[in-house]
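1. quick one, structure for this:
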Amino acid sequence: MKAVIGGTGLTRMPGVRLVREHSLMTGLGKASSAISECDCDGEPVLFLARHGDPHRIAPHRINYRANLLALQAAGATQILAINAVGGIDPDLNPGQLVLPDQIIDYTHTRESSFFDGEYRPLDHLDMSLPYHPALRDQIAMA
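-> Down below sits the predicted model:
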């Protein structure tokens, strides 16, 4: 099932109907919000409000790992994360859509991996292609 992580207003968009909500506790704590199971023009989609609903969690306090585990437990197999943040390219203007193929990780104060030696065994992950190529291509074609 497809899932979206985004802002709190997505479930109130035209064509999106709330079917039910799931509040899930994970091995790494509670997700930022309940997971909304929605019907999006006839297609089931899971939605999670990254900053909570209502919007209340600062970016550095979001439990990203619990959010991903909760979506997985709810049946997500593909996740699209939508965000609106400042850019690093001065040629990009407000309102432009960017589909990244790489990550610049400015993480400093939160856990950045499931494989930390405590929750899951220590492991080193290949980050040369951080986004799933087929899913990225599918999004680019839409």
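2. what ranges do the strands span in the protein?
-> Per DSSP state E, the chain carries strands over the ranges 2-6, 16-22, 25-26, 29-30, 35-40, 43-49, 78-81.
3. compare the ones you listed and say which comes out lowest on pLDDT.
-> For the strands of the chain, the weakest mean pLDDT is recorded on strand 16-22, namely a mean of 87.
4. for that one, packing partners?
-> Contacts defined by 3 or more Cβ pairs under 8 Å, 6 or more residues apart in numbering; DSSP states H and E place strand 16-22 against strand 35-40. No exception for glycine: its C-beta is placed from N, CA and C like everyone else's.
5. buried residues in the strand it packs on, which are they?
-> Buried residues in strand 35-40, counted by 16 or more other Cβ atoms under 10 Å: I35, S36, E37, C38, C40.
6. can you tell me which two in the residues you listed are farthest apart?
-> The span of the buried residues of strand 35-40, defined through Cβ to Cβ, is set by I35 and C40 at 14.2 Å.
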